[in-house]
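Peer 1: Pasting a predicted model and its sequence here:
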Amino acid sequence: MASFSWNRLPDQYSDAVRSQAFIGEELIGTIGFKPEDRVLDAGCGVGNLTLEIARMVPEGSITGMDISEGRIAQCEDLFRNEKITNARFYVGSIEEMTEEEEYTIVFSNSVFQWITDLDLALSSFHRALRTGGLAAIQFPRLFGDHPMIFYPEKAIRELKLEEFFEEWSFPACVPSEEELKKAMERAGFSEILIREDETAFSFPTAQKLFDHFKNVGYARYVQRLPEEYKEAFLQKILQDIEEDYTKNKTQRCKRWFAYGRKKEGAETQ
Ligand SMILES: C[S@@+](CC[C@H](N)C(=O)[O-])C[C@H]1O[C@@H](n2cnc3c(N)ncnc32)[C@H](O)[C@@H]1O
């Protein structure tokens, strides 16, 4: 069974400059993985963190799941090259998971910002856990001042592109601490711990900052635009990032770390 020691949770960090990968490491560092743990990495991306976890559970197993076929293919290549055999991967979505009582730890790093139904996602995690199992989730709070939101929204206003974004809400999942806690309770979790952290992203150039968000967040906006507006939209975002970059080299992002345990006799809602 997974062990989780609250005292391994990191202290409040000051202004340390960290990358997104480092945040995944931070989440990993708060979980006392045991060699025999059976872990799900939900929304595993290209598998870098999955690989790290796999090495911590040599007598257990790791399952990597992601909605993107391409990323799962990359994971399979990575694990084949690394000759790791206690792993399996599948293409799927968190909201549609069917596993029951399978894992001792369900881990999810930087995915819940894209979740459209928080209750459904947390219930999937709860159902997939064995009794005593732990869900450990980290995701950014994409409020309006987050660079992934702020610059596209500004570009929409200033380029007068509102008509393409009517009846569209982005990002998908921005709960308050209370909402997140309540949702975890509704899913059946106990020993819930929610912690906010702030990350200072320091990119060496404005272009690097733009490139980082271009593929994850800006792409979702660009998809909605007719072809003839796409380039101008991205150019506007880059230009605004460049202007601000000289004033404020560091982009601060708030994040949630959320943990909950499945207790004996707990029913999944
Ligand atoms: C920012 S990446 C994080 C990847 C990895 N967890 C990491 O920390 O390196 C977000 C990942 O979530 C996946 N994703 C988004 N929505 C998902 C969903 N509903 N179910 C499963 N995966 C999802 C995306 O395909 C992407 O690979």
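Peer 2: That came in fine, so what should we check first?

Peer 1: What does the pLDDT read for the residue in the chain that the ligand sits nearest to?
Peer 2: Proximity of the chain to the ligand (CB to the nearest ligand atom) peaks at residue 45, 2.6 Å away. C-betas here are computed from N, CA, C, even on glycine. Here the pLDDT value assigned to residue 45 is 93.

Peer 1: show me what contacts the nearest residue to residue 101 once chain neighbours are set aside?
Peer 2: Closest residue to residue 101 apart from its sequence neighbours, by CB to CB, 6 or more residues apart in numbering: residue 130 at 5.1 Å. Applying CB atoms under 8 Å, 6 or more residues apart in numbering, we find residue 130 in contact with 1, 38, 101, 102, 103, 104, 262.

Peer 1: List the residues that contact the closest residue in space to the residue of the chain closest to the ligand that isn't next to it in sequence.
Peer 2: Using CB to CB, 6+ apart and skipping residues adjacent in sequence, the residue nearest residue 45 is residue 71, 5.5 Å away. Going by CB under 8 Å, 6+ apart, residue 71 touches 44, 45, 46, 47.

Peer 1: Same question for residue 52.
Peer 2: Contacts for residue 52 (CB under 8 Å, 6+ apart) come out as 25, 28.

Peer 1: so how far is residue 228 from the nearest residue to residue 229 once chain neighbours are set aside?
Peer 2: Closest residue in space to residue 229, ignoring its immediate chain neighbours: residue 161 at 6.3 Å, by CB to CB, 6+ apart. Computed with CB to CB, to the nearest Å, the distance linking residue 161 and residue 228 is 11 Å.

Peer 1: Up against the ligand, what does the stretch 51-200 of the chain have?
Peer 2: Applying CB under 6 Å from any ligand atom, we find that the stretch 51-200 of the chain lies next to the ligand at 66, 67, 68, 71, 93, 94, 95, 109, 110, 111, 114, 115.

Peer 1: of the residues you listed, closest to residue 251?
Peer 2: residue 110 (15.4 Å; CB to CB).

Peer 1: pretty sure that closest one contacts residue 142?
Peer 2: No: contact between residue 110 and residue 142 fails when scored by CB atoms under 8 Å: they sit 11.0 Å apart.

Peer 1: and the residue nearest to residue 101, helix, strand or coil?
Peer 2: What DSSP: H, G, I helix; E, B strand; the rest coil gives for residue 130 is strand.

Peer 1: pull the helix or strand with minimum mean pLDDT from the chain.
Peer 2: Using mean pLDDT, DSSP states H and E, helix 20-29 stands out as the lowest-scoring helix or strand of the chain, at a mean of 83.

Peer 1: Pop out the phi and psi values for residue 122.
Peer 2: Main-chain dihedrals, residue 122, degrees, to the nearest 10: phi -70, psi -40.

Peer 1: pLDDT wise, what is it at?
Peer 2: Here, the pLDDT recorded for residue 122 equals 98.

Peer 1: for the chain, what spans make up the strands?
Peer 2: Here the chain has its strands, by DSSP state E, at 38-42, 61-66, 87-91, 103-109, 129-140, 190-202, 250-261.

Peer 1: Nice, that's everything, thank you.
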